[in-house]
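**Q** pasting a predicted model and its sequence here:
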Amino acid sequence: MKIDGPFYAQLGEAAAEARRLAAIGYDGIYTLEGSWDPFLPLVMAAEHAPGLDLATGIAVAFPRNPIHLAYQAWDLQRFSSGRFYLGLGSQVKAHIEKRFGVDFDPPASRMREYIQALKAIFDCWQNGTRLDFQGRFYRHTLMTPMFDPGPNPHGIPPVLLGALGPKMTEVAGEVADGLIVHPFNSTPFLENTALPAVHRGLAKSGRKRGEFILQINAIVITGDTDAAVAVATRKVKDLLGFYASTPAYRPPMEAVGYGDLQAELNRLSKEGQWEALAEHIDDDFLDAFTTRGKPGEIAARLQASYGEHADRLAIYAPYAAPDAMWQSIISELRK
């Protein structure tokens with residue numbers, strides 16, 4: 001199991017942050033598409049921390065045409081000497097339609113075709129196959145020599161799909177090279193809903209589990225002191241309250257008996273009461289959606305929860321903590 005760390009760095013700080021994460025001992029880093037571009041910081045990371053695997057985790061797919069993402073992925077795969085993973089996601093409907101201003105529905109069918117289009121483009125560049133992808137949502141039928149980058153010496157970059165709902169998760173198993181399990185996950189949801197959907201998708205594609213990458217995001221709460229744990233807990237409660245207010249994220253809550261809470265948090269979010277969301281996240285909710293404990297306990301608990309399933313474990317800790325603490329946790333995870 002490889003261990004990945006969150007790469008929250010704007011372009012000017014990306015080189016130093018990548019070196020810091022490499023020194024901590026992470027195998028790879030992943031960017032989020034939040035307040036800045038998820039691709040550009042990875043260019044700096046590839047140059048200044050060349051031993052790290054690099055991934056977008058995730059880049060929002062639908063506002064970008066597949067050919068745009070194909071060029072970006074191809075360049076990063078070449079520049080990183082084959083260490084790039086293209087992580088895609090759909091985002092939720094409101095953001096796609098209201099923030100990006102593009103079509104969303106039907107998301108699972110659209111994403112299936114999106115990844116198929118990407119792979120057709122990659123096949124054209126790598127193997128000289130005639131580009132002739134004609135789908136319902138995307139059409140790519142022209143690739144002249146001037147616009148063909150040619151074979152990538154490091155191979156085709158893997159395409160991983162971030163998914164939460166069972167339909168999108170099944171699409172990952174069917175057409176992607178891996179699944180990015182959303183950090184808002186619970187063990188019952190993972191084992192009883194997400195993994196069966198992956199296997200249904202793999203069965204459709206005729207592949208086996210060993211041919212597929214499962215990256216699981218794990219939210220961690222820990223700290224060296226009681227005060228540090230209190231800060232980390234508050235930060236994570238804010239995060240979980242935000243996630244839980246989103247209607248599309250109700251299934252993991254239902255899996256652990258918190259389905260009814262989703263409607264209340266959604267109401268508060270629509271009223272702009274963002275600070276009130278965290279007050280509804282109790283200890284049982286934290287235990288269901290996070291791994292928490294003293295630093296010396298975290299590695300064993302992560303292994304117990306995810307070691308059986310994860311090919312890559314992505315630690316998600318949205319708070320400041322000493323690098324030495326994470327070094328110790330990662331070292332223990334490797335034993």
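**A** Arrived safely. Residues are numbered from 1 along each chain as shown.
**Q** residue ranges with poor pLDDT in the chain?
**A** Scanning the chain for pLDDT under 70 picks out nothing.
**Q** out of everything not next to it in sequence, what's closest to the residue nearest the centre of it?
**A** Centroid-nearest residue in the chain: G57, 3.6 Å away (criterion: CA atoms, centre = their mean). Using CB to CB, 6 or more residues apart in numbering and skipping residues adjacent in sequence, the residue nearest G57 is Y30, 3.2 Å away. From N, CA and C alone the C-beta is placed, and that goes for glycine too.
**Q** just confirm the one you found is within a strand.
**A** Yes. Counting by DSSP: H, G, I helix; E, B strand; the rest coil, Y30 is part of a strand.
**Q** for the protein, just list every one of the strands.
**A** 2-6, 28-31, 53-56, 59-60, 84-89, 133-134, 139-140, 159-163, 178-181, 213-221, 291-292, 312-316 (DSSP state E).
**Q** what about the ones you listed, which gets the closest to A203?
**A** Closest to A203 of the strands of the chain is strand 178-181 (CB to CB; 14.6 Å).
**Q** restrict that closest one to CA atoms and write it as CSV.
**A** Below are the C-alpha coordinates for strand 178-181, written out as CSV (Å, rounded to 0.1, in the frame of the first residue of the first chain):
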residue,chain,number,x,y,z
GLY,A,178,-8.8,3.1,-10.8
LEU,A,179,-11.2,4.5,-8.3
ILE,A,180,-10.6,7.5,-5.9
VAL,A,181,-12.8,6.8,-2.9
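**Q** one step back: pretty sure the residue nearest to the centre of the chain sits against G162.
**A** Yes. Judged on CB atoms under 8 Å, G57 makes contact with G162 at a distance of 7.0 Å.
**Q** shared neighbours of these two, anything?
**A** G87, I180 (CB atoms under 8 Å, 6 or more residues apart in numbering).
**Q** TSV for the strands of the chain, including mean neighbour count and distance to R334?
**A** What follows is the strands of the chain, written out as TSV (neighbours: other CB atoms under 10 Å; distance: least, CB to CB, whole Å):
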stretch	mean neighbour count	distance to R334
strand 2-6	21	8
strand 28-31	26	14
strand 53-56	26	15
strand 59-60	21	29
strand 84-89	26	20
strand 133-134	14	42
strand 139-140	16	42
strand 159-163	27	22
strand 178-181	27	21
strand 213-221	22	16
strand 291-292	22	17
strand 312-316	23	11
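**Q** closest one to L277 among those?
**A** Using CB to CB, the strands of the chain put strand 213-221 closest to L277, at 15.4 Å.
**Q** what is the orientation angle of the closest one with strand 312-316?
**A** Angle, strand 213-221 to strand 312-316, by axes from the mean of the first three to the mean of the last three CA atoms, to 10 degrees: 30 degrees.
**Q** okay, the angle between strand 213-221 and strand 159-163?
**A** Using the same axes, to 10 degrees: strand 213-221 against strand 159-163 is 50 degrees.
**Q** for this structure, what's the longest helix?
**A** The longest helix of the chain (DSSP state H) is helix 107-127.
**Q** all helices for the stretch 101-250 of the chain, in order.
**A** 107-127, 166-175, 187-189, 195-205, 226-244, 250-254 (DSSP state H, counting those that start in this stretch).
**Q** which of the ones you listed sits most buried?
**A** Among these, ranked by average contacts under mean count of other CB atoms under 10 Å, first place goes to helix 166-175 (a mean of 23).
**Q** so what's the gap between it and the chain middle?
**A** In terms of CA atoms, centre = their mean, to the nearest Å, the gap separating the centre of helix 166-175 from the centre of its chain is 14 Å.
**Q** contacts for that helix?
**A** 90, 107-108, 111-112, 115-116, 119, 160-161, 163, 178-179, 193-194, 197-205, 207, 212, 251.
**Q** so how far is M111 from D105?
**A** Plainly put, D105 is 11 Å away from M111 if you go by CB to CB, to the nearest Å.
**Q** next one: V198
**A** Taking CB to CB, one finds V198 at 15 Å from M111.
**Q** now swap in L40 and tell me
**A** 24 Å.
**Q** before we move on, what about T290?
**A** 28 Å.
**Q** and W125, by the same measure?
**A** Taken as CB to CB, the span from W125 to M111 is 21 Å.
**Q** same check, this time on E211
**A** Counting by CB to CB - E211 and M111 are separated by 20 Å.
**Q** R234 is in contact with A278, isn't it?
**A** Yes. In this structure, R234 is within contact of A278 by CB under 8 Å, at 6.9 Å.
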